[in-house]
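> I would like to see how this sequence folds:
(2 chains)
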There are 2 protein chains.
Amino acid sequence: MKNKKNENFSEWFTEIIQDAELCDLRSEIKGMVVNMPWAVMTMKKMYAIYEAELERRGHRPALFPALIPESLLAKESEHVKGFVPNVLWVTHGGDKELEEKYALRPTSETIMYKMYALWIQGLKDLPLKIYQSCQVWRYETSATRPFLRGREFWWIEAHDAFATKEEAEAQVREDMEMTELIMHQQFGIPFIFFRRPEWDKFPGAEDTFAADCLMPDGKIVQQPSTHLLGQHFSKPFNIQYQDETGKQQYVWQTCYGPAIWRIYASIIAQGDDKGLVLPFSLAPVQVAIVPIFKKENEMVVKDKTHKIKQLLLQGNFRMEVDFSGDTPGAKFYKWELKGVPIRVEIGEKEAKTGMITLARRDTGTKEQVEESKLLTRINELQEIIRKSLINKADEYFQTKFYVAGTKEELKEKLKLGGFVRIPFCSRDMDGKECADYVKAETVADIRGTKFDSDEKPKLGEVCIHCGKPATVYVYAGRQY
Amino acid sequence: MKNKKNENFSEWFTEIIQDAELCDLRSEIKGMVVNMPWAVMTMKKMYAIYEAELERRGHRPALFPALIPESLLAKESEHVKGFVPNVLWVTHGGDKELEEKYALRPTSETIMYKMYALWIQGLKDLPLKIYQSCQVWRYETSATRPFLRGREFWWIEAHDAFATKEEAEAQVREDMEMTELIMHQQFGIPFIFFRRPEWDKFPGAEDTFAADCLMPDGKIVQQPSTHLLGQHFSKPFNIQYQDETGKQQYVWQTCYGPAIWRIYASIIAQGDDKGLVLPFSLAPVQVAIVPIFKKENEMVVKDKTHKIKQLLLQGNFRMEVDFSGDTPGAKFYKWELKGVPIRVEIGEKEAKTGMITLARRDTGTKEQVEESKLLTRINELQEIIRKSLINKADEYFQTKFYVAGTKEELKEKLKLGGFVRIPFCSRDMDGKECADYVKAETVADIRGTKFDSDEKPKLGEVCIHCGKPATVYVYAGRQY
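Residues are numbered from 1 along each chain as shown, chains lettered A, B, ... in the order given. Below is the predicted model of the structure:
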């Protein structure tokens, strides 16, 4: 690769998605890309892992129509205000104008909750926990970017309804737990949950908690968010259950939206100057076997290669043997670019001694393993690589938290990337004007208050913009 | 269930999709339904089975934009003629009219082949075998029906490109093999491949081969079809490769489209008057454990139930223990309605003797199995049930082939349902007029000629309509 990740991340990102063949930008449909096999194979694994975890926690899959009538979308006033400017509209069928136009779903609350009102009658129908794996469309008017911002993207949306507010709040925490288990522990992407300020909530939510991650250039990318919807939707959609006393009660709701397509951007960003570095569990090919031979030792190397392939088949790994006509160097380059976690090299020495060479993609280190211990060693390496990737990502992430007390300090710290904690007047709508000024002056957004932290400004600390006494610490940063 | 499948299949079908909670028709979006968890869980298994088989045969997954610019859709003239009347059009983004309107994909040839022209340069790029699992939209103007005909449905489309016509023809046969392996051997649905007459080909195809199945009322439902596209698309889309001599050559193409949503309709149709009868591999719950107890033996039955559950967990079955407060009868009814292949009953007798009762959904038979042999027996039953379902379906299917020599005979035979072989003037466009007359008089469609059969009309046999010498035997039948 020509670009260096740490010198110019943005160009590096553009280069890697082309070189590793992750998507093709030449569809000529603005803001919509063709997702190529290598990316789709990984996203399929990501979907499977997320879906299994959702189902383990009582969610069931459903599929709702992709088209939402305009009148239905308009039922919750904040929601419609938030989404309508970005809706793609279906207006005609064949050569006939439709009686009512349809929104291509930007998200599915309205169509799902219309059905929830029919499905939920009594306590026996609660909790209702449904998810849908699908794509959504948003008519983005700002610049789009593959896997980060598109007019079409792929996600999961989980929508849950409960009898009590406490259960809904517990679900928000469960959504955060799932994010930790999957995005951090399995995909190796660290994050921090912020409670978004009032002016930056999901349209229609009572409270929004969003996982912010960092790109290698220190810019923030928002990953899964979970929303406490409260009764904001159950009232306009009339989702009620009969309680023990026979009284009708509105349900309490939450929704959670891991955008697989976008999380994949954070996975790409874990790469290095040789290409992708994929977690073992997500790699389309986990082990690449590269035979290295010349005319004179072709037979002995190929024989050993076939034997090793048979051996590895027992391990149930996703595996490819590279018998292409390329040079060993070109083969190494290719599998490194593709991010394959383990390369098995088989040359004349390996064939004769039975000591096989393993190369790790994440560290670049090589080791010799006795043939009989190959399977065991690769199984060990799975876990070692997983932990090593997490540690590396965590080490970087943990250094990116800064503190500033004045706007000048904020500007200085923002140059370092990451999150800068500042004293602020308010996380309620009162604070919005200050946030707008901060944004105008620094290009930084106020991400909100740290979730589950009791940090508070000390007496005498003042809002970084208006100078009024600070009531909260909020975190600022530049985002994608 | 109120309706009897063999007396009134159509009402039975409507009733079962509601009673077993397969889809909800109350979305109020014309022709689009909400697919409920029980159906989606099975369709997910169907997708996984089909995708694994496609990948085993060298296909790789990709995801293409759901929106296709009008000009792109129009590139192949037959194709655009066939699809444009049924296109849903996206014309606006936010409150702005788009410069060019987009078709919500009715199928993806055009957007995919535009990319194929960029991806295919030389022999090293061939064959190219890509599939996409997605939904498509068609503005149906005739009556829609859940899982059979909708304005939105879920399918897989596989699009392959080859250097030679022979390879493309071999792919058509491979598509048929996959259909046999999956739809017949795994899902238990028999079919017959017909070569469609010229007037009933896929728009833009050189040749269409479609798998026709039967519903229990004898009406035909078309399932996966595979199309030899020849060079019909590679020419307008300019998909060329450089051959060994340095000359540019157009590729040969095929496409194959298993509509998971529609195949699910055929799976529903395998049910009986108690509800669904699902194949073991597709059932969301494969084994339902039903404890049967009264106050006085509750402890001993529950203990045994927990023990059996632990035992079955080792078998990796999808399993549910029904501890609901319903009566045993209500529990049996529920799991039968849902089509769960095996029910394990545990009452006081089972708890004390260790002889467990197994009930098969497909035959309704019960057997006693020693606890220590339970896992082994359920594993055996998987295969026994699979074969039994296939046999039952095949027995019915094989009786539904008839022969007619005159229009009067045809009308009589059509009353029996199934396929009626008739002598016909031509499968080329010359025959279309006769087909139209036959349709007008009998409501039967000409499905085409039997694939891979050398049956030919005898000297003297004449076309059932025009009376000219018959050149082919075609099959007629009424379809969904």
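> what about the strands in the stretch 1-150 of chain A?
Assigned by DSSP state E, counting those that start in this stretch, the strands in the stretch 1-150 of chain A fall at A:23-29, A:32-35, A:60-61, A:67-69, A:88-93, A:96-104, A:128-137.
> quick check: closest non-adjacent residue to the closest residue to chain B within the stretch 151-300 of chain A.
Using CB to the nearest CB, the single residue of the stretch 151-300 of chain A nearest to chain B is residue A:152, 6.0 Å away. Heads up, the C-betas are built off the backbone N, CA and C, glycines and all. Sequence neighbours aside, residue A:32 is the residue nearest to residue A:152 in space, at 4.7 Å (criterion: CB to CB, 6 or more residues apart in numbering or on different chains).
> contacting residues for the one you found?
Residue A:32 sits next to A:150, A:151, A:152, B:65, B:66, B:67 when contact means CB atoms under 8 Å, 6 or more residues apart in numbering or on different chains.
> make it 6 Å
Residues near residue A:32 by CB atoms under 6 Å, 6 or more residues apart in numbering or on different chains: A:151, A:152, B:65.
> over to residue A:403?
Neighbouring residues of residue A:403 by CB under 6 Å, 6+ apart: residue A:421.
> flag every residue of chain A that's near chain B.
Proximity of chain A to chain B, by CB under 6 Å from any CB of the partner chain, involves residues A:26-27, A:29, A:32, A:34-37, A:40, A:60-65, A:67, A:85, A:88-94, A:115, A:118, A:139, A:152.
> among those residues, name the buried ones.
With neighbours counted using 16 or more other CB atoms under 10 Å in any protein chain shown, the residues of chain A next to chain B contain these buried positions: A:27, A:29, A:32, A:34-37, A:40, A:60-65, A:67, A:88-93, A:115, A:139, A:152.
> how close does the residue in the stretch 301-450 of chain A that chain B sits nearest to sit to residue A:134?
Among all residues of the stretch 301-450 of chain A, residue A:324 sits closest to chain B, at 9.7 Å; criterion: CB to the nearest CB. In this view, residue A:324 and residue A:134 are 37 Å apart by CB to CB, to the nearest Å.
> so those two - more neighbours on which side?
Between residue A:324 and residue A:134, residue A:134 has the larger neighbour count (other CB atoms under 10 Å in any protein chain shown), namely 16 against 11.
> can you pull the pLDDT of the more buried one?
Each residue has a pLDDT score; the one for residue A:134 is 98.
> go on, residue A:18?
97.
> that one: neighbouring residues, count only.
Residue A:18 has 14 nearby residues by other CB under 10 Å.
> do you know how far it is from residue A:446?
For residue A:18, the distance to residue A:446 equals 35 Å [CB to CB].
> likewise for residue A:54?
Here the criterion is CB to CB. By it, residue A:54 lies 31 Å from residue A:446.
> between the two, who's got more neighbours?
Shown here are residue A:54 and residue A:446; by other CB under 10 Å, residue A:446 has more neighbours (26 against 23).
> can you tell me the closest non-neighbouring residue to that one?
residue A:435 (4.5 Å).
> so which elements touch the strand or helix carrying that neighbour?
In this structure, residue A:435 sits in helix A:432-442 according to DSSP states H and E. For helix A:432-442, there is no helix or strand it packs on, judged by 3 or more CB pairs under 6 Å, 6 or more residues apart in numbering or on different chains; DSSP states H and E.
> tell me which residues of it are tucked away?
Buried residues in helix A:432-442, counted by 16+ other CB under 10 Å: A:432, A:434, A:435, A:438, A:442.
> contacting residues around it?
Outside of helix A:432-442, the residues within contact range by CB under 6 Å, 6+ apart are A:199, A:411, A:414, A:425, A:446, A:463, A:465, A:466.
> pLDDT score assigned to the first one?
As summarised for this prediction, residue A:199 has a pLDDT of 96.
> now do the fourth one
Listed pLDDT for residue A:425 reads 97.
> just checking, it touches residue A:463?
Yes. Using CB atoms under 6 Å, residue A:425 makes contact with residue A:463 at a distance of 3.6 Å.
> for chain A, list the residue farthest from the centre, please.
Most distant residue from the mean C-alpha position of chain A: residue A:296, 49.3 Å away (CA atoms, centre = their mean).
> name the SS class of that residue, please.
Secondary structure state of residue A:296, per DSSP: H, G, I helix; E, B strand; the rest coil, is helix.
> could you pull up the mean pLDDT of the helix or strand where residue A:350 lies?
Using DSSP H and E, residue A:350 maps to helix A:348-353. For helix A:348-353, the mean per-residue pLDDT is 92.
> hmm, who's touching that helix?
A:297, A:300, A:301, A:304, A:356.
> how far does it sit from the chain's center?
Remark: helix A:348-353 is offset 43 Å from the chain centroid, using CA atoms, centre = their mean, to the nearest Å.
> could you give the separation of the helix or strand following that helix from the chain centroid?
Sequence order places strand A:355-360 as the next helix or strand after helix A:348-353, per DSSP H and E. Averaging C-alpha positions (CA atoms, centre = their mean) puts strand A:355-360 32 Å from its chain's average.
> in the sheet, which strands lie alongside strand A:355-360, parallel or antiparallel?
Here strand A:355-360 has these sheet partners by DSSP bridges: strand A:342-346 (antiparallel), strand A:366-370 (antiparallel).
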